[in-house]
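1. need a 3D model of the following:
(2 chains)
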Amino acid sequence: MTGPVRVGPTRRGATAGLIGLAAAGWAGRTAAAEPLRMGVALSQSGNLADSGELFKRGIDLWREDVNGRGGLLGRPVDIVVYDDRSDPATAARLYERLITNDKVELLLSPWGSASCATASAVAEKHKRVFVNAGGASEAIHLRGFKYVFQSAPAISAYVAGVAPVSKAHGFKTLAIVSRDYPAARDMTKALDKIAAEHGLKIEMTEYFPAGTTDYSSSIARARQLNPDIWIGVGYPNEAIEMVRQFRAVNYLPKAFIHNGPAQDDFVAATGKDGEYVIAISLYEPVLKTEGNAGFVAAHKARYKSEPGYYAAFAYQGATVLERAVAKTGSLDQDKIRETLTTFETDSVMGHHKVDPKTYVQIGLKGLLDQIRGGKREIIWPDDLKTADAVLPMPAWDKR
Amino acid sequence: MRIPLLILALGAALAILPFVGSEYALSFTVQLLMFTALAYSWNIIGGYAGYTHFGQVAFFGLGAYVGALLIGAGWHWLPAAGAASLAAVVLALVLGGAMLRLKGSFFAIGMYGLARVGENFALGFDGITQGGTGLYLTPADLKPIYAALAVIALALIYGTHRLDNARFGLQLLTIREDETAAEALGVRTTRLKIAAFMISAAAPGAVGALYATYLAFIDPATAFAPMTELTTIAMVLLGGLGTVLGPLVGAVLLSVVNELLWSRFPELYLGLVGVIILGAVLFMPRGIVNAVARRRWRWSAAPRAGLRRLADAVPAADTGRRALPETAPAPRAPDVSVRST
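-> Purely as a prediction, here's the structure:
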């Protein structure tokens, strides 16, 4: 910053010393006010653009909150945002750029398991702390990485409700139809385990490439096999298309379970056809978690809608990082890493806690909702229930 | 004599860069070297043999998958890249026999189709490739990958320089100009075409594997990206099809433009690439290097001037269109009369 200042006994020396001290003081002040730069790449174009925008809202709300609290380590937070075009390879290159060219001090997580998987590898390579707020896939964390921590719920939380709901309604068979990305393959693994434990049978497992909009071949196959449950993991646009195509060909499983309907987009786009669909949700605005009331109010004020779990993912992840950094008291990546290995905290989504070996999220639990009257009602777990499930879903002509 | 010197200078610059440049400069140069290698490879079959096509990314993608799978099986990335290169060469041998019977646009589009077939194979055989989820690798250190790419790129520049003055290169040019005539003169066209095709597949295979290592990830959309293909072709067209320095000039220019724009204005980048290609085709149909050579700047070599002029004159005569000013014969060459024969 400023060079060494030698305060001598002469008048000239004293003057120089005073100027030097003043300069040092001024430099110190600007350093304190200098923004803390954080970097993130999000899908702002491509097939995940809609969902990426919801995630970004969580980041923006967090930034306002943290700056309202006086910033992080006494410095206001600035965020550098790039568009990964819904492409995991681009996400990797953008994180490389954020680290090496933009020299951001902290990284925020991108959105979606695919981009999180590639971005986290870049962060690990550069020994930068990476709180994975947007990827449910557990495979991201099973690569022996040391700097990558999951704040998003793990995929096992997504499907935890499948067995109890199946039992309650006598469902025996499943069809898995998912976007082909890491979370889906993890979900299949988790469901295989659940199926073996609870005597369920998986009739078919299909993955479709990102960007697919036609599910007719999967529907045709499901019509033949006639599974009780059609379950998938992916994004709202996929769930919307599935329901529309179910309706168009007059097909309906006894239960359609997908994580996409947990965003308001689903209800808005499907209207009446979306009724009775089961949403895998990880967060609802009604939860009595820490800071949730304020988060929901801020989201409503700014975006005229209640937050879904995408926004909550971002807010939770950024909050976990913020508190871990504050607790560490420095931006030293190795020290923050050390803090995060055992860090526990409560935020809008619930209790954050990671497995001490793999750093997979184990604190957060999943929910199942049913769309009823254009709203998501929690049907599982029982202690949070806001409505009883209506299952099997009433046939298209009986509504 | 100038080109070996240039290669030495480039080699020296590339050798110094890791010690003086930032990580970011290194990362950018990795991309640049990758595209340089791809552009030179494409130039051999597209520029010299005249078999332009849109399917090079099939070799790149195959290499990426072979490399990623071998690395996943515990191989070091360097032998994995070698194996990927070999796999691409074998694929070129097999495909070459069938595909090189096609000419002109049929070959170009047939190869495009094959790249799409490759993408669908990668999606379909998900027991091996993990389908659209892709394969994840442990990130490797950037510097050795950079070194490997630098060696490949420099070797290709030097190889093209040699090719330009070799019997093999001249034979390829005769195929480009008139395949039937070449055959009548005793040029073994089929054998040569397949050989050129195999050579042009070797580097993309290796580069694909290195790219997968660099990203620590590969999925069908990334491995067989049409964007990789188009950028490569745009580089060669911009720099100069069938020239020694053209692909290098094109790769450097487009990589710089790309780097300035892609992260901030991805849409603008695609548009600009389109404008550049359009401009190049309209005003410098034979690329920057040829345009410069005509201006007779001393640093640009114009070897085999006679044959090149013949090459320049033929398309104009073929289509009966007025020859563009670009294609006027350069006055300095001694054997102008070749053109009138």
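2. name the nearest residue to the closest residue to chain A within chain B, ignoring sequence neighbours.
-> Nearest to chain A, among the residues of chain B, is B:Gly132, at 2.9 Å (Cβ to the nearest Cβ). Heads up, the C-betas are built off the backbone N, CA and C, glycines and all. Once flanking residues are discounted, B:Gly132 sits nearest to A:Asp180: 2.9 Å by Cβ to Cβ, 6 or more residues apart in numbering or on different chains.
3. I'd say B:Tyr136 and A:Glu124 touch.
-> No: between B:Tyr136 and A:Glu124 there is no contact under Cβ atoms under 8 Å: 11.5 Å.
4. who has more neighbours, these two?
-> When B:Tyr136 and A:Glu124 are compared for neighbours, B:Tyr136 comes out ahead with 26 against 20, by other Cβ atoms under 10 Å in any protein chain shown.
5. since we're on the one residue in the stretch 201-350 of chain A that gets nearest to chain B, how many residues are nearby?
-> Using Cβ to the nearest Cβ, the single residue of the stretch 201-350 of chain A nearest to chain B is A:Pro209, 4.3 Å away. Neighbour count of A:Pro209, defined by other Cβ under 10 Å: 19.
6. ok, the residue nearest to B:Gly132 to B:Val57 distance?
-> 20 Å (Cβ to Cβ, to the nearest Å).
7. any idea which helix or strand comes after the helix or strand where B:Leu163 lies?
-> Using DSSP states H and E, B:Leu163 sits in helix B:142-164. Using DSSP H and E, the helix or strand that follows helix B:142-164 towards the C-terminus is helix B:167-177.
8. how about the residues of the stretch 1-150 of chain B near chain A?
-> B:22-24, B:27, B:123, B:126, B:130-134, B:136-139, B:141-142 (Cβ under 8 Å from any Cβ of the partner chain).
9. same thing but at 6 Å, please
-> B:23-24, B:27, B:123, B:131-133, B:136, B:139 (Cβ under 6 Å from any Cβ of the partner chain).
10. how about the residues of the stretch 1-150 of chain A near chain B?
-> Counting by Cβ under 6 Å from any Cβ, the residues of the stretch 1-150 of chain A near chain B are A:82, A:85, A:89, A:92, A:96-97, A:100-101, A:117-118, A:121, A:125.
11. in a markdown table, list those along with pLDDT and secondary structure.
-> Converted to a markdown table, the residues of the stretch 1-150 of chain A next to chain B look like this (pLDDT from 0 to 100; DSSP: H, G, I helix; E, B strand; the rest coil):
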| residue | pLDDT | secondary structure |
| --- | --- | --- |
| A:Tyr82 | 92 | strand |
| A:Arg85 | 85 | coil |
| A:Ala89 | 84 | helix |
| A:Ala92 | 89 | helix |
| A:Glu96 | 90 | helix |
| A:Arg97 | 90 | helix |
| A:Thr100 | 89 | helix |
| A:Asn101 | 88 | coil |
| A:Ala117 | 91 | helix |
| A:Thr118 | 91 | helix |
| A:Ala121 | 92 | helix |
| A:Lys125 | 89 | helix |
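12. can I assume A:Val80 sits in a strand?
-> Yes: counting by DSSP: H, G, I helix; E, B strand; the rest coil, A:Val80 is part of a strand.
13. ok, it - contacts?
-> Residues in contact with A:Val80 (Cβ atoms under 6 Å, 6 or more residues apart in numbering or on different chains) are A:39, A:102, A:104.
14. buried members of those into PyMOL, please.
-> PyMOL command restricting those to the buried ones, with burial defined by 16 or more other Cβ atoms under 10 Å in any protein chain shown:
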select buried, chain A and resi 39+104
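15. and the contacts of A:Val80, which is closest to chain B?
-> A:Asp102 (8.9 Å).
16. what secondary structure does the closest one sit in?
-> Strictly by three-state DSSP, A:Asp102 counts as coil.
17. how near is it to A:Lys357?
-> 32 Å.
18. again with B:Thr129
-> In terms of Cβ to Cβ, B:Thr129 sits 29 Å off from A:Lys357.
19. neighbour count winner among the two?
-> Shown here are B:Thr129 and A:Lys357; by other Cβ under 10 Å, B:Thr129 has more neighbours (21 against 9).
20. pLDDT score for the more buried one?
-> B:Thr129 is assigned 89 on the pLDDT scale.
21. what's the closest non-adjacent residue to A:Ala114?
-> Closest to A:Ala114 by Cβ to Cβ, 6+ apart is A:Pro88, at 4.2 Å.
22. ok, and the most crowded of the residues of the stretch 1-150 of chain B next to chain A?
-> Busiest of those [other Cβ under 10 Å] is B:Thr133, holding 28 neighbours.
23. who touches that residue in this structure?
-> Residues near B:Thr133 by Cβ under 6 Å, 6+ apart: A:180-182, A:185.
24. count of neighbours near A:Lys365?
-> A:Lys365 has 16 nearby residues by other Cβ under 10 Å.
25. okay, it: pLDDT?
-> 91.
26. what about B:Ala108, which helix or strand?
-> helix B:104-124.
27. and that helix, what does it pack against?
-> In terms of contacts (3 or more Cβ pairs under 6 Å, 6 or more residues apart in numbering or on different chains; DSSP states H and E), helix B:104-124 is packed against helix B:56-72, helix B:220-223.
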